[in-house]
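Visitor: Could you work out the structure for the sequence below:
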Amino acid sequence: MQTAEAQPGCWLAAYTRSRHEHRVATQLQQKNLEYLLPTYERLVRWSDRVKRLQAPLFPGYVFVRASHGEQVRILQTAGVVHLVSRAGRAIVLSQEEIDRLRTCSLQASKIGPHPYLKIGGRVRVKYGPFAGWEGTLLQKQNSRRLIVNIEPIMKAVAINLDGADVEAVN
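Guide: Predicted coordinates:
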């Protein structure tokens, strides 16, 4: 993981106030800063109609390309709370991660947010015949196959599940 001081013109994640992602993106554009706000299409149902809306894929985040000296300009943008950082230094996203986010943005009707699942973390199956089973997420292949460790019997089982069928256990 690199810090923003290590590279000029690197990609940073700006954390925004709730529901301010589009406003922040507009202001960054006005400041001539390159930004990325990945969105997805979601259906919103009101009492009289259903409408497709573009919603931020990662609520509360806008990604910005900036040099170390431009960080102040980002922080002075209305709606920006802080830059995502570790030990007081902004964390740099790799170009590969940004390219993936851009690809997602081009497929807005085919993607959607999903809770973060970490290998080694506790998970629970939400739907289907295995609903309620808990275990440790050991491996995720092709986003279709999860290997869940069933601890009470000290065995593991490979279950073909959709990633949306699993939730993290706190």
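Visitor: domains for this protein, by residue range?
Guide: According to automatic domain parsing, the chain comprises the domains 4-106, 122-168.
Visitor: Torsion angles phi and psi at Ala78?
Guide: Main-chain dihedrals, Ala78, degrees, to the nearest 10: phi -60, psi 130.
Visitor: in the chain, which ranges drop under the pLDDT threshold?
Guide: Applying pLDDT under 70 to the chain picks out residues 1-8, 138-164.
Visitor: Among the domains of the chain, which comes closest to His114?
Guide: Ranking those by their distance to His114 (criterion: Cβ to Cβ) puts domain 122-168 first, at 6.5 Å. C-beta: built from backbone N, CA, C; applies to glycine.
Visitor: Just the endpoints, please. Distance across that closest one?
Guide: Start and end residues of domain 122-168 are separated by 6 Å (Cα to Cα, to the nearest Å).
Visitor: Work out for me the element the residue most central in space within the chain sits within.
Guide: In the chain, the C-alpha nearest the mean C-alpha coordinate belongs to Phe58, at 4.7 Å (Cα atoms, centre = their mean). Phe58 is part of no helix or strand, with elements assigned from DSSP states H and E.
Visitor: Not counting sequence-adjacent ones, nearest residue to it?
Guide: Excluding its sequence neighbours, the residue lying closest to Phe58 (Cβ to Cβ, 6 or more residues apart in numbering) is Pro38, at 6.7 Å.
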